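Asks: no sequence on this one, just coordinates:
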């Protein structure tokens, strides 16, 4: 693990080791007071000393213990049974008592000595904790010079509360020593140096996250727990010069692995920011091979400014090994637009049309003739197949309803090339952007976050949300591999892709195959060398039960069997439209060319995953983080194959259990 402390002085000495087991609490401190106190050393525990909380009493004794050279633990606690509220506790030297006798073949040596050193604290007046008993003597050697780090020291927070409350209504403001999982580059293993990390963090603003009581404890404790259990867990904290938390970014191992599959198009969801939620959540989202949303990282943003957005985008890019996405989709947010341009200068940045159209009632609802305005706006945005059609429809709407002075519509028109579908036909969106009036967009944390969700509540729900999403993906994987898909036509295109696509993507493609029968009168209108232009007529439903005939131009290149429809469904959704299928069928093409069958929709996508050739010689890297990353990739194909049938499952399980037995045998040989 690599220590990273951004824009603040470290809380611990550089030589200290810091891991967390259990809870962590941090609080604002007065630098001068703390510095003086550290020079003098913490006071000895005495009967009658009082503290504002159990954690403060624990930290006091822990600081004293570290200075003396011993660790501590909670050896006993008393609770009120009805409310489960702790009202008394005994904090003992870590060498107190004796361990139970182990019946193992090679038991660990006894480290406890029955040491009597301890303090007893008691809750008084239902709000303060008082030391009521003290024993300072030890029956073993203690010394701060002994380079041994006890569990309690690994969870220590050196901070003292200010005498005066903070001027702003923030219950917890924090100085945090940051640990971050080292970035692994699959082609060239390298830890970024400190100057590189500083480059992530050029924020000059003084805004910070407003955390309520318990928020910092929950968030930081979650990150510490994940860091201990998952070497590929990545997080960064951004602190101002006073140690206050401004921004946070994190991504778990699954998110980092998912990015290797689904990095083509990424949406940056700022719904919580736009709607002024209590938790300023920003999430990076893509879609998996089932068309389900998949999380690629999260962040808390302290202030909606260019500098803060730049910090969090750079943190995400660093987490993803410096590999930017091809397409980035965001809400209409000017500071975020500027940040995307700075951090991802070569990516296509687009606004999500769905977010914009959702604001139409809010922005235009008070205007006279709103329903007519809305219909004409929808027609211009959703139905225009050519730029000239959109420009004409938009101009007519503005003219007929006298909207020339409407600032919101003016701004939308100026940015039309960033959000109107007719301008975005050459960009691949992988189904991330709704392009039809009846399509909607569901946020990744929909149902888990509401306007008044606190930081603490979000952390509690975060794992639940991810667990359910992962379970949903695993069930879809199993169903796609083991189910036979119902065919609804006798078209060979349907048969062909039923063997390749996942169930959900196949159903979407299947609707296009069925839609071929609503197309008629495919007609050749132009020939330019090997390129033939066709016009396909289609009957489409409009408002109510009415139908109208629309004309779709399709270009067909005969030598390479390339095809392009003016509706550009392939770029929007990732599979061919009914109009293109009609032209292929018209020309006697019986199978869809492989270039139009995207691997990202394949039911065996994860089984196809191949390691980068540069990671083959992993033995030269003497680092558990690299070992974990390499083994995870190797094991992934085994897991996917093992889940395909009961026979495969039994074989995989038997072999894995055999490996564990071998590991145990190796460990026993070294004892």
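Replies: Done, it's in. Computed from a predicted model, the values in this text were never measured in an experiment. Residues are numbered from 1 along each chain as shown.
Asks: Are there helices or strands packed against the longest helix anywhere in the chain, and which ones?
Replies: Longest helix of the chain, by residue count under DSSP state H: helix 455-482. Using 3 or more Cβ pairs under 8 Å, 6 or more residues apart in numbering; DSSP states H and E, the elements in contact with helix 455-482 are helix 215-229, strand 293-301, helix 503-515. C-beta: built from backbone N, CA, C; applies to glycine.
Asks: Quick check: residue 459 touching residue 222?
Replies: Yes: counting by Cβ atoms under 8 Å, residue 459 touches residue 222, with 4.9 Å between them.
Asks: so where is the stretch 51-200 of the chain shaky, pLDDT-wise?
Replies: Scanning the stretch 51-200 of the chain for pLDDT under 70 picks out 81-83, 100-110, 145-149, 154-200.
Asks: Now do the strands in it.
Replies: 72-80, 85-93, 118-124, 128-135, 179-180 (DSSP state E, counting those that start in this stretch).
Asks: Now for the closest residue to residue 561 other than its chain neighbours: which residues touch it?
Replies: Among residues not flanking residue 561 along the chain, residue 593 sits closest, at 5.0 Å (Cβ to Cβ, 6 or more residues apart in numbering). By Cβ atoms under 8 Å, 6 or more residues apart in numbering, the contact set of residue 593 is 561-563.
Asks: swap in residue 139?
Replies: 95, 113-116.
Asks: buried set for the longest helix of the chain?
Replies: The neighbour-count check on helix 455-482 (16 or more other Cβ atoms under 10 Å) flags 455-459, 462, 465-466, 469, 473, 476-477, 480-481 as buried.
Asks: Please spell out which residues along the helix or strand just after it are buried.
Replies: On the C-terminal side of helix 455-482, the closest following helix or strand by DSSP states H and E is helix 492-498. Neighbour counts over helix 492-498 (16+ other Cβ under 10 Å) mark 493-494, 497-498 as buried.
Asks: which residues are contacting helix 492-498?
Replies: 485, 487-488, 506, 509-510, 513, 575, 581, 584-585, 590-592, 597.
Asks: and what of stretch 652-663?
Replies: 638-639, 641-642.
Asks: and residue 277, which of the three is it?
Replies: Using DSSP: H, G, I helix; E, B strand; the rest coil, the structure places residue 277 in coil.
Asks: Show me which of the contacts of residue 139 are buried.
Replies: Using 16+ other Cβ under 10 Å, the buried members of the contacts of residue 139 are 95, 115.
Asks: Can you check what pLDDT the model gives the residue nearest to residue 380 when sequence neighbours are not counted?
Replies: Closest residue to residue 380 apart from its sequence neighbours, by Cβ to Cβ, 6+ apart: residue 393 at 3.5 Å. Residue 393 carries a pLDDT value of 96.
Asks: Am I right that residue 393 is in contact with residue 384?
Replies: Yes: here residue 393 reaches residue 384: they are 6.2 Å apart, a contact under Cβ under 8 Å.
Asks: so which strand or helix has residue 329?
Replies: strand 327-330.
Asks: Next SSE downstream of that strand?
Replies: helix 334-343.
Asks: mind showing which ranges of the stretch 551-671 of the chain have poor pLDDT?
Replies: 607-630, 632-634, 636-637, 640, 644, 666-671.
Asks: what do you get if the cut-off is 50, keeping everything else the same?
Replies: Low-confidence segments of the stretch 551-671 of the chain (pLDDT under 50): 610-621, 625, 671.
Asks: Please, where are all the helices along the stretch 1-150 of the chain?
Replies: Using DSSP state H, counting those that start in this stretch, the helices of the stretch 1-150 of the chain run over 31-40, 54-68.
Asks: tally of neighbours for residue 365?
Replies: 12 (other Cβ atoms under 10 Å).
Asks: meant to ask about residue 656
Replies: With other Cβ under 10 Å as criterion, residue 656 counts 14.
Asks: SS state for it?
Replies: helix.
Asks: From residue 464, how far out is it?
Replies: To residue 464, residue 656 is 27 Å away according to Cβ to Cβ, to the nearest Å.
Asks: Next: residue 306.
Replies: Counting by Cβ to Cβ, the gap from residue 306 to residue 464 is 34 Å.
Asks: Kindly give the local confidence score, pLDDT, for the residue nearest to residue 363 when sequence neighbours are not counted.
Replies: Of all residues not flanking residue 363 in the chain, residue 408 sits nearest, at 4.7 Å (Cβ to Cβ, 6+ apart). Reading off the confidence values, residue 408 has pLDDT 95.
Asks: The longest helix of the chain vs helix 215-229, what angle?
Replies: Computed by axes from the mean of the first three to the mean of the last three Cα atoms, to 10 degrees, the angle separating helix 455-482 from helix 215-229 equals 40 degrees.
Asks: Determine how far the strand holding residue 329 lies from the middle of the whole chain.
Replies: A distance of 15 Å separates the centroid of the chain from that of strand 327-330, by Cα atoms, centre = their mean, to the nearest Å.
Asks: ok, that strand: who's next to it in the sheet?
Replies: With DSSP bridges as the test, strand 327-330 is paired with strand 265-269 (parallel), strand 348-351 (parallel).
Asks: and the ones you listed as TSV, adding mean neighbour count?
Replies: TSV is the format used below for the strands paired with strand 327-330 (neighbours: other Cβ atoms under 10 Å):
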stretch	mean neighbour count
strand 265-269	26
strand 348-351	21
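Asks: need these in JSON lines with distance to residue 538, can you?
Replies: What follows is the strands paired with strand 327-330, written out as JSON lines (distance: least, Cβ to Cβ, whole Å):
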{"stretch": "strand 265-269", "distance to residue 538": "27"}
{"stretch": "strand 348-351", "distance to residue 538": "27"}
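Asks: Need the per-residue pLDDT for the residue nearest to the spatial centre of the chain.
Replies: Geometric centre of the chain, nearest residue: residue 297, 2.1 Å, by Cα atoms, centre = their mean. Residue 297 is assigned 95 on the pLDDT scale.
Asks: For the spatially closest residue to residue 302 that is not a sequence neighbour, pull up the helix or strand it's in.
Replies: With sequence-adjacent residues excluded and distances taken as Cβ to Cβ, 6+ apart, residue 302 is closest to residue 246, at 4.1 Å. Element membership for residue 246, per DSSP H and E: strand 245-251.
Asks: which of the residues in that strand are buried?
Replies: Of the residues in strand 245-251, 245-251 count as buried by neighbour count, 16+ other Cβ under 10 Å.
Asks: contact partners of the helix or strand just after that strand?
Replies: As assigned by DSSP H and E, the chain's next helix or strand after strand 245-251 is helix 253-261. Residues outside helix 253-261 that contact it (Cβ under 8 Å, 6+ apart) are 230, 232-234, 284, 286, 288-289, 294-297, 319-320, 323, 466, 470, 600, 605-606, 609, 632, 636.
Asks: how distant is helix 253-261 from the center of its chain?
Replies: Taking mean C-alpha positions (Cα atoms, centre = their mean), helix 253-261 and its chain are 10 Å apart.
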